[in-house]
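**Q** below is the sequence, then the predicted model.
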Amino acid sequence: MNQPRQLLHPRDEIMQTMERIYRYRMTTTSGGNLSIRDENGDIWISPARVDKGNLTRKDIVCVRADGTVDGLHPPSSEFPFHQAIYLKRPDIRAIVHAHPVALVAFSICRQVPDTRLFHQAHSVCGKVGFAPYALPGSKLLGASIAEKFREGCESVILENHGVVVGGESLSHAFQRFEAFEFAGKTVIKARQLGSIRYLDDAQLAQAQTRTVYQNFFEPATASADEKETRRQLVEFVRRGCRQRLLISTEGSFSARLDGDLFLITPSLQDRERLRIEDFVLVQGDQCEAGKTPSRATQLHRSIYQKHPSIQAIVFAHPVNATAFSITDSNFDARTIPESYIFLRDVQRLPYGIQYRMDNKLADSISPSAPAAIVENDGVLVVGTSVLDAFDRLEVIESTAEAVINAKALGEVAAMPEAVILELRQAFGIK
């Protein structure tokens, strides 16, 4: 994985990443620690006993290569295992340790989530492992975790403790950590629905195929419409990340500008941190010079070509709806009027249809069938605007969560056909 040149100071990078982890409720005020190993061997690490929800750059501690400590506080009590991992794995330059609830659940059941749920989670998380319990902060714990990393693991569940992941940079480690927790949460939700379907080697390999744009164009001066669409995409992609409808490494969002011209999320960039200039213009078989569009670009283009009234498309992996995609449990939107009005009858599409070049997926989605569950690959929704598509994404996830919660209470009662007919007539649904 090629990482961009890092210009943010380690103090700021750790502070900002911890703020994000805490805001996502993936750690607690007292839990978790982050570190970065500098080129000169210095290790920058979050401090011991400082509120993780109110961390400042001055709180970050530097443990010099010679062992001296520079900072207002002592380094995290877990510093020994950070140091041990760096000694065993020179290629690792940053570490995330935290106690996100789904992975803690696995840790106290002595299990590791299988990331072969979706190609992206499997690719991002790398080799996963399990380290036996040892006293927090002890050298024994450090040795146990470091051994798993020496064996080639990048994401390690700690028995009755939490998780540790490493990466080539702190942003890389965070993305790995987020994807691992996402996989864990999805497994837990899916087990409430039925048996889980995992991808085999051939299916994982199929997901690696992608269209590489070799034709580029220099766009004309941006119109007011393009500028407004870029602003909306930034706003809703960021909102989607903060509402956990999207994660930093997965999903694509596009909006049509005119005819065959549309904007789409770039490939391999943190979704929450996208700027207006990061979105990629695509027209026909050409894309904006100097940028790499999402690998789902051809899928988006085929839908726009097939359906002129569709103006925005989201391909995403919200946890509850994605749980339906990895089981054979039927997703029924006939739960409350809003769900049916926005989603209609949600289709289930077979795995692999998103990689085919025969437009089968574009034939399966339409303004009258605006939402679909894609097996082992989340959900696809379309809309007449960026807001309309995002609204449907929210509705499909909230509906999925309500259904999963309802299964813990009793039998799910869908609205009867007479109610559906009344809704169709009242709201002009064809």
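**A** Great, that's in hand.
**Q** any chance you could map the helices in the stretch 151-300 of the chain?
**A** Here the stretch 151-300 of the chain has its helices, by DSSP state H, counting those that start in this stretch, at 170-190, 201-206, 224-242, 297-306.
**Q** of the ones you listed, flag the one that's most buried.
**A** Of the helices of the stretch 151-300 of the chain, the one with the most neighbours on average (mean count of other Cβ atoms under 10 Å) is helix 170-190, at a mean of 25. (Glycine included, C-beta is placed from N, CA and C.)
**Q** which helices and strands sit right next to it?
**A** Applying 3 or more Cβ pairs under 8 Å, 6 or more residues apart in numbering; DSSP states H and E, one finds that helix 170-190 makes contact with helix 10-23, strand 94-98, helix 101-108, helix 119-125, strand 155-158, strand 162-167, helix 319-325.
**Q** partners of the most centrally placed residue in the chain in the sheet?
**A** Centroid-nearest residue in the chain: I247, 2.4 Å away (criterion: Cα atoms, centre = their mean). Per DSSP bridges, the residues bridged to I247 are E250.
**Q** count of neighbours near R110?
**A** R110 has 12 neighbours, counted by other Cβ atoms under 10 Å.
**Q** quick check: phi and psi at it.
**A** Backbone geometry at R110, expressed as degrees, to the nearest 10, gives phi 60, psi 50.
**Q** could you measure from S138 over to I247?
**A** 33 Å (Cβ to Cβ, to the nearest Å).
**Q** next one: L7
**A** 24 Å.
**Q** try R37
**A** Between R37 and I247 the computed distance is 25 Å (Cβ to Cβ).
**Q** cool, V165 as well?
**A** Distance, V165 to I247, by Cβ to Cβ: 14 Å.
**Q** and for E397?
**A** Going from E397 to I247 by Cβ to Cβ gives 13 Å.
**Q** and if you look at S77?
**A** Distance, S77 to I247, using Cβ to Cβ: 29 Å.
**Q** same thing with K52?
**A** 20 Å.
**Q** cool, and P75?
**A** For P75, the distance to I247 - Cβ to Cβ - is 29 Å.
**Q** next up, the contacts around D391.
**A** D391 is in contact with F342, G383, counting by Cβ atoms under 8 Å, 6 or more residues apart in numbering.
**Q** in which helix or strand would I find it?
**A** Applying DSSP states H and E as the criterion places D391 in helix 386-407.
**Q** quick check: angle from that helix to helix 224-242?
**A** Inter-element angle recorded for helix 386-407 and helix 224-242: 20 degrees (by axes from the mean of the first three to the mean of the last three Cα atoms, to 10 degrees).
**Q** tell me the angle helix 386-407 makes with helix 170-190.
**A** Using the same axes, to 10 degrees: helix 386-407 against helix 170-190 is 50 degrees.
**Q** next one: helix 386-407 to chain centre, how far?
**A** 17 Å (Cα atoms, centre = their mean, to the nearest Å).
**Q** and the helix or strand following that helix, average pLDDT?
**A** Next in sequence after helix 386-407, counting helices and strands by DSSP H and E, comes helix 417-426. What helix 417-426 shows for mean pLDDT is 94.
**Q** can you give the contact residues for helix 417-426?
**A** Around helix 417-426, the neighbours that count as contacts under Cβ under 8 Å, 6+ apart are R334, P337, Y340, I341, M415, I429, K430.
**Q** flag every buried residue along that helix.
**A** Using 16 or more other Cβ atoms under 10 Å as the test for burial, helix 417-426 gives I420, L423.
**Q** swap in stretch 313-333?
**A** By neighbour count on 16+ other Cβ under 10 Å, the buried set for stretch 313-333 is 313-327, 329, 331-333.
**Q** may I have it as PDB, with CA atoms only?
**A** Provided in PDB are the C-alpha atoms of stretch 313-333 (Å, rounded to 0.1, in the frame of the first residue of the first chain):
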ATOM      1  CA  ILE A 313     -25.900   6.600  -6.700                       C
ATOM      2  CA  VAL A 314     -24.500   5.300  -3.400                       C
ATOM      3  CA  PHE A 315     -22.800   1.900  -3.000                       C
ATOM      4  CA  ALA A 316     -22.200   1.500   0.800                       C
ATOM      5  CA  HIS A 317     -21.800  -1.000   3.600                       C
ATOM      6  CA  PRO A 318     -23.900   0.100   6.600                       C
ATOM      7  CA  VAL A 319     -23.600  -2.600   9.300                       C
ATOM      8  CA  ASN A 320     -27.200  -3.700   9.700                       C
ATOM      9  CA  ALA A 321     -28.100  -3.700   6.000                       C
ATOM     10  CA  THR A 322     -24.800  -5.400   5.200                       C
ATOM     11  CA  ALA A 323     -25.600  -8.100   7.700                       C
ATOM     12  CA  PHE A 324     -28.500  -9.100   5.400                       C
ATOM     13  CA  SER A 325     -26.100  -9.200   2.500                       C
ATOM     14  CA  ILE A 326     -23.900 -11.900   4.100                       C
ATOM     15  CA  THR A 327     -26.900 -14.100   5.100                       C
ATOM     16  CA  ASP A 328     -29.800 -15.500   3.100                       C
ATOM     17  CA  SER A 329     -32.300 -13.700   5.400                       C
ATOM     18  CA  ASN A 330     -34.900 -11.800   3.400                       C
ATOM     19  CA  PHE A 331     -34.800  -8.000   3.700                       C
ATOM     20  CA  ASP A 332     -38.500  -6.800   3.800                       C
ATOM     21  CA  ALA A 333     -39.100  -3.100   3.600                       C
END
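**Q** where does the prediction get shaky in the chain?
**A** Applying pLDDT under 70 to the chain flags the ranges 1-5, 209-212.
**Q** Provide the secondary structure category for S35.
**A** Judged by DSSP: H, G, I helix; E, B strand; the rest coil, the three-state class of S35 is strand.
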